[in-house]
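# I'd like to go over a predicted model; first the sequence, then the structure.
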Amino acid sequence: MIARTAGNDSAPAASVRALGTFDIRTQDCIDFLRGLPDASVDLIVTDPAYSGMNRHLRFGHGRIVGHYGKPDNDRWFHEFSDDPESYAVFLGECHRVLRQDRHVYIMFDTFSMLSLGALVRDFFDVKGVVVWDKMHLGMGHYFRRRHEQIVFASKGRRKLSRRDLPDVWAVPRIHRAAYPTQKPVKLFELMVQASAEPGFLVCDPFCGSGSSGVAALLTGCDFIGADVDARAVDIAEDRLTRFVATGQDPLEPAR
Ligand SMILES: C[S@@+](CC[C@H](N)C(=O)[O-])C[C@H]1O[C@@H](n2cnc3c(N)ncnc32)[C@H](O)[C@@H]1O
């Protein structure tokens, strides 16, 4: 377990802001969640590596992020086996670890939204779907992709902390990201601002480069996350360590 706290005596001045602690583990999402106690996290924000989209894209110009499954390819990363049975186990574990009267945000591409999105309703009260408008055209064989979807749901009853947000979030995608599929911190920051209070524990079982962790710390929350890929965990740990020490995000320096 790795946990660091900002604001100690030896930390630079920038860390005096109320940054929280973080703990990032190299683990499969299900093993990770199974290791957490019941009702132990306050908010889940996550961006799973769905395999379904790549299955659908194979008929076109190949997969979106290089050739998966080849560890010598630095754009390679694991896919989550997202058949409905595995996905239901994942959602069941998310429900178990989430405290009562708390929120969850799960990101979906178009294909996984159609195949898996409805399952969220078996475990949580789905309150809405947010569209992430990436503001720049991506790839696509028909209409070129510019959006992803975020299912917003609750366990029990909880109001949003922010009532000024629309259900379309225009946040530019990251150009030349350091990590494949790295998402903008701003995206997670909106989720955390809308559904957390300072001191909440934010959880991301597919944390990748740690963008959700930066958002949690920025908002005065603690963070616990996992990724099955040790390289992702190295990147995320280094990123959050540097963010806590300097107040600067090395993977989004322009923020
Ligand atoms: C879409 S990326 C997340 C990117 C992240 N939101 C960011 O901004 O960097 C999905 C991540 O899930 C990880 N992953 C794939 N299968 C997994 C599994 N079974 N358990 C945990 N993580 C997994 C991949 O290694 C990848 O880093």
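Sure, I can see it. Since the structure is predicted, the reported quantities are computational estimates derived from the model, not experimental observations.
# number of nearby residues for residue 254?
By other Cβ atoms under 10 Å, 4 other residues sit near residue 254. Yep, even glycine has a C-beta here, placed from its N, CA and C like the rest.
# contact partners for whichever residue of the stretch 101-250 of the chain sits closest to the ligand?
The ligand sits closest to residue 208 of the stretch 101-250 of the chain, with a gap of 2.6 Å, by Cβ to the nearest ligand atom. Contacts of residue 208 were listed using Cβ atoms under 8 Å, 6 or more residues apart in numbering, and they are 47, 77, 179, 181-183, 227, 232, 236.
# by neighbours, which of these wins?
Neighbour max across those (other Cβ under 10 Å) = residue 227, 29 neighbours.
# average pLDDT for stretch 136-153, rounded please.
Stretch 136-153 shows a mean pLDDT of 87.
# sorry, wrong one. I was asking about stretch 50-64.
The model assigns stretch 50-64 a mean pLDDT of 48.
# partners of the biggest strand by length in the chain, with directions?
Ranked by residue count, the top strand of the chain under DSSP state E comes out as strand 98-108. Sheet partners assigned to strand 98-108 using DSSP bridges are listed as strand 41-46 (parallel), strand 147-155 (antiparallel).
# of all these, which one is nearest residue 193?
Residue 193 lies closest, by Cβ to Cβ, to one member of the strands paired with strand 98-108: strand 41-46, at 10.7 Å.
# and that closest one with the ligand, contact?
No: applying Cβ under 6 Å from any ligand atom, one finds strand 41-46 separated from the ligand by no less than 7.6 Å.
# same check on stretch 235-249?
No: Stretch 235-249 stays clear of the ligand (Cβ under 6 Å from any ligand atom), getting no nearer than 7.5 Å.
# gap between that stretch and the chain center?
Remark: stretch 235-249 is offset 17 Å from the chain centroid, using Cα atoms, centre = their mean, to the nearest Å.
# going forward, begin numbering at 5 instead of 1
Sure thing, new numbering starts at 5, so read that last one as stretch 239-253.
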